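Asks: 3D, please:
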Amino acid sequence: MRTFKHHKDRVSSSVFTYGMLFTGSKDTKIFGHDHRTHKEPIMKFKGHRGEVCGLKHDACGLASGSNDNLAYIWDLSAGKARFRL
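Replies: Next comes the predicted model:
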């Protein structure tokens, strides 16, 4: 069992894929955790201005939706947004 304490507010969305747990929060941030290590989050994504209410991962990357009415497609290797819709 693991406890992740990096968000400053409630976690409102999550997706588990390929050994990674991505969490989105009311604090507007997205963290990527490798559940096999006990380190800090290995990925941090900032861009949303509202609560992250949806996450989805596939071969194209990580998609996030927020109460700021924006959707992002994140480039996991670069750690930044590829598209903003």
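Asks: Can you list the neighbours in contact with stretch 57-64?
Replies: Stretch 57-64 is contacted by residues 13, 15, 17-18, 20, 22, 24, 30, 32, 45, 48, 52, 54-56, 71-76, 82 when judged by C-beta atoms under 8 Å, 6 or more residues apart in numbering. Quick note: C-beta positions are derived from backbone N, CA and C, even for glycine.
Asks: buried subset of these?
Replies: Listed as buried from these are 13, 15, 20, 22, 24, 30, 32, 45, 48, 52, 55-56, 72, 74, 76; burial here means 16 or more other C-beta atoms under 10 Å.
Asks: Just those residues: which are in strands?
Replies: Counting by DSSP state E, the part of the buried ones among the contacts of stretch 57-64 found in strands is 13, 15, 20, 22, 24, 30, 32, 45, 52, 55-56, 72, 74.
Asks: Double-check residue 84 against residue 48; I have them as touching.
Replies: No. In this structure residue 84 lies outside contact range of residue 48 using C-beta atoms under 8 Å: 9.9 Å.
Asks: Identify the contacts common to those two.
Replies: 70, 72.
Asks: Which pair in the buried ones among the contacts of stretch 57-64 has the greatest spatial separation?
Replies: The distance between the two most remote of the buried ones among the contacts of stretch 57-64 (C-beta to C-beta) is 19.0 Å, for 20 and 48.
Asks: ok, residue 33 - contacts?
Replies: By C-beta under 8 Å, 6+ apart, the contact list for residue 33 reads 4, 20-23, 41-42.
Asks: tell me which residues form a beta bridge with it?
Replies: For residue 33, the beta-bridge partners under DSSP bridges are residue 21.
Asks: Now do it against residue 16, distance only.
Replies: As judged by C-beta to C-beta, to the nearest Å, residue 33 and residue 16 stand 10 Å apart.
Asks: for the chain, which residue is closest to the average position?
Replies: With distances taken as C-alpha atoms, centre = their mean, residue 30 lies nearest the centre of the chain, 3.1 Å away.
Asks: Identify the residues contacting that one.
Replies: By C-beta under 8 Å, 6+ apart, residue 30 lies in contact with 22-24, 43-46, 48, 52, 55, 62, 64, 74.
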